[in-house]
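A.B. asks: Here is the input, now give the coordinates:
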Amino acid sequence: MLRAIMTSHISENDLSVLTLQMNGTMIGHLDPNEATNRVISSNREVHLASGYYSSGDHRQERKYILEQNRLFGEFFSDLQTQGLAAIPELADKYQADAAFLLIAAADMVLIWQDRQKGVYLSRNKKLYRLQPVLRPENLWAEDWMTYGDFYAFSPKDGDFLIFLSPEFIDQFNTTHLEEVFSSGQQVFTIMKGLVNLGKTYGFDFEQSWFALEIQRVEANRIYKGHSEENLSEEVRRISRAEHFSKAVQRSKASRVIQGQELILPKDTRKRSTRLLPRKTPPVTNRPQLGSLRGSKQETEPIDLLNERYKEERESTHRAFEARRKPMDEYFERVREWRIEPLLEKIKQLIKKFFNLWPDQKFYSRFFATSLIVLFVLLTALFIKEGKKVDKNKLSLEESSQETLEEEPYSDAFAEIPAETNLEIATVVKVNNLQIRQAKDSTSALLASVKRGEVVIQLTPEISGWIYVRTEDGTEGYVYAEYLNPQD
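C.D. replies: As a prediction, the model looks like this:
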């Protein structure tokens, strides 16, 4: 089991081309809300993040990326029950592809990343750049996830992993970077501070980034003991997991303070730096001021839409269209469906309702009209009474919350529940929502949240209480009725 926080930011330049998926939640270009920031905290067997670039708002390309996103969603669900050792089978089953992929579990973190971003690891107050390794042979198809370099490492409690361009790192004093990345501050706060520091020295280099904070590493479920009847199956799974773990070579790491040169495995030195489009322009001629330092070399523009990528993408689209043929036929039948027969049936039912007694048309129409008027009046009455009840309940909640407002805050930490497998953003609807250390109204008060602010629900209701996290990172319990009042 791995308890971790995934955080991502999409820059304005990338919002029209970049889509990320984190544990099944989308952010960026194809997100219906076009969110640019996302934080997901969860305790899972396996975490998965994937990224996709598009060259524009083309219908065919959008359709393809949404399909890949769906496939990786099913890929992610299967990994929860089968573990990392099932990656070869699932890769062959779904044949999903992406420009960026991260799969994290307690025993190993696997990364596929192009060279526009470096993979940086903060551990024991030191900042390292991970180096790519050779892909394991005979584990999965050679043509799966070939757009970037491959990385792997074994996680530890407190590890902080972030994906940034080497040009961005080059601008700052590396000792300063080691201090801020190991300070324990929220990632958004760290990155905002670095970007603002850069602006004070004359350059604006806001960029998209993704970070993984590993809070706690526990033994994976496949290594735990089971009952006697499941022993043979467990032995088989452990054997497969150990074989998979031994087959994957771990990445070496070089400390950034000593330089961050990218050292490639021999057979990947000629690999293309990027095969997917990118609209973020290269930044050159950086100043050497204060705690910043200039880049030693300027980046060269790359032909991102090369012929190889175009041919591979067209081939993938043709294969995708072949698989979607039955679905296209279904939508074709939907388009041919007509609403006139349904309207005709509705008209016939209304006519019968107003003619319950064919020989007494006046009484039939009077009776039907009376029923409709009675229904409308009863509905209006129920709505009016419901509003009165809600108003009284809200007054009680506000008075009770205001009474508790004067209670001093405690520096204690909340009791963490066994599982926090939800990530639901909820708007506070009471004036002063109290966050407690435990599921008890007499326990220590940790914080309070005002009406209109957002908290993240991390668990379902437990004995009338819900475990939540505030925007500043405070976690604790709130009374369920105050968080989700009945409308």
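A.B. asks: mean confidence score for the helix or strand containing I27?
C.D. replies: Under the criterion of DSSP states H and E, I27 resides in strand 25-28. Average pLDDT, strand 25-28: 87.
A.B. asks: just stretch 479-487 next, same as before
C.D. replies: So the average pLDDT for stretch 479-487 ends up being 76.
A.B. asks: Quick check: closest non-adjacent residue to T420.
C.D. replies: L458 (4.0 Å; Cβ to Cβ, 6 or more residues apart in numbering). For the C-beta atoms, the positions are set from N, CA and C on the backbone; glycine is no exception.
A.B. asks: wait, the one you found sits on V468?
C.D. replies: Yes: shown here, L458 and V468 form a contact pair, counting by Cβ atoms under 8 Å, at 6.2 Å.
A.B. asks: in the stretch 301-450 of the chain, which spans are helices?
C.D. replies: With helices called from DSSP state H, counting those that start in this stretch, the stretch 301-450 of the chain shows them at 307-323, 325-336, 340-353, 361-404.
A.B. asks: Could you do the stretch 1-150 of the chain as well?
C.D. replies: Under DSSP H, counting those that start in this stretch, the stretch 1-150 of the chain gives helices at 59-82, 87-94.
A.B. asks: For K450, find the nearest of the ones you listed.
C.D. replies: helix 59-82 (35.3 Å; Cβ to Cβ).
A.B. asks: Let me have the helices of the stretch 1-150 of the chain in TSV, extended by distance to V428, mean pLDDT and mean neighbour count.
C.D. replies: As requested, these are exported to TSV (distance: least, Cβ to Cβ, whole Å; pLDDT from 0 to 100; neighbours: other Cβ atoms under 10 Å):
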stretch	distance to V428	mean pLDDT	mean neighbour count
helix 59-82	30	85	16
helix 87-94	40	86	16
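A.B. asks: Let's have those helices in a markdown table, adding distance to Y147.
C.D. replies: Below are the helices of the stretch 1-150 of the chain laid out as a markdown table (distance: least, Cβ to Cβ, whole Å):
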| stretch | distance to Y147 |
| --- | --- |
| helix 59-82 | 12 |
| helix 87-94 | 14 |
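A.B. asks: residue at max distance from the center of this structure?
C.D. replies: The centre of the chain is farthest from one residue, D359, which by Cα atoms, centre = their mean lies 66.0 Å away.
A.B. asks: ok, now how distant is that one from L342?
C.D. replies: Distance of D359 to L342, computed by Cβ to Cβ, to the nearest Å: 30 Å.
A.B. asks: Now do the domain split for the chain, please.
C.D. replies: For the chain, automatic domain parsing gives the domain ranges 2-305, 338-401, 424-483.
A.B. asks: surely A211 meets F181?
C.D. replies: No: counting by Cβ under 8 Å, A211 stays clear of F181, with 9.5 Å between them.
A.B. asks: hey, what's in contact with both of the two?
C.D. replies: F160, I162 (Cβ atoms under 8 Å, 6 or more residues apart in numbering).
A.B. asks: Low-confidence regions, the stretch 201-350 of the chain specifically.
C.D. replies: Within the stretch 201-350 of the chain, the ranges that satisfy pLDDT under 70 run 203-205, 219-242, 267-338.
A.B. asks: again, but for the stretch 51-200 of the chain
C.D. replies: Using pLDDT under 70, the flagged stretches of the stretch 51-200 of the chain are 56-57.
A.B. asks: what do you get if the cut-off is 90, keeping everything else the same?
C.D. replies: Scanning the stretch 51-200 of the chain for pLDDT under 90 picks out the ranges 51-100, 105-108, 113-118, 125, 133-149, 154, 157-158, 164-177, 180, 182-200.
A.B. asks: where exactly do the strands run in it?
C.D. replies: 100-105, 109-113, 118-123, 126-130, 149-153, 160-164 (DSSP state E, counting those that start in this stretch).
A.B. asks: Among those, which comes closest to Q60?
C.D. replies: Closest among these, using Cβ to Cβ: strand 100-105, at 21.3 Å.
A.B. asks: packing partners for the closest one?
C.D. replies: strand 2-9, strand 46-53, strand 109-113, strand 209-217 (3 or more Cβ pairs under 8 Å, 6 or more residues apart in numbering; DSSP states H and E).
A.B. asks: Can you say which of those is packed in most?
C.D. replies: Mean neighbour counts were compared across those using mean count of other Cβ atoms under 10 Å; the top stretch is strand 46-53, at a mean of 25.
A.B. asks: what angle separates it from strand 209-217?
C.D. replies: Angle of strand 46-53 versus strand 209-217, following axes from the mean of the first three to the mean of the last three Cα atoms, to 10 degrees, is 180 degrees.
A.B. asks: And for strand 46-53, what's in contact with it?
C.D. replies: 2, 4, 6, 8, 17-23, 30, 65, 68-69, 72, 75-76, 79-80, 83-84, 96, 98-105, 210, 212, 276-278.
A.B. asks: any idea how far K361 lies from F375?
C.D. replies: From K361 to F375 the distance is 22 Å (Cβ to Cβ).
A.B. asks: Return the residues in contact with G73.
C.D. replies: The contact partners of G73, taken as Cβ under 8 Å, 6+ apart, are Q21, G24.
A.B. asks: any idea how far S208 is from it?
C.D. replies: Counting by Cβ to Cβ - G73 and S208 are separated by 21 Å.
A.B. asks: got it, and M22?
C.D. replies: 13 Å.
A.B. asks: Show me whatever sits in contact with both of these two.
C.D. replies: Shared contacts of M22 and S208, counting by Cβ under 8 Å, 6+ apart, come down to S8.
A.B. asks: hmm, back to that, can you redo the strands of the stretch 51-200 of the chain as TSV with distance to V478?
C.D. replies: Output for the strands of the stretch 51-200 of the chain, formatted as TSV (distance: least, Cβ to Cβ, whole Å):
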stretch	distance to V478
strand 100-105	29
strand 109-113	33
strand 118-123	32
strand 126-130	37
strand 149-153	37
strand 160-164	29
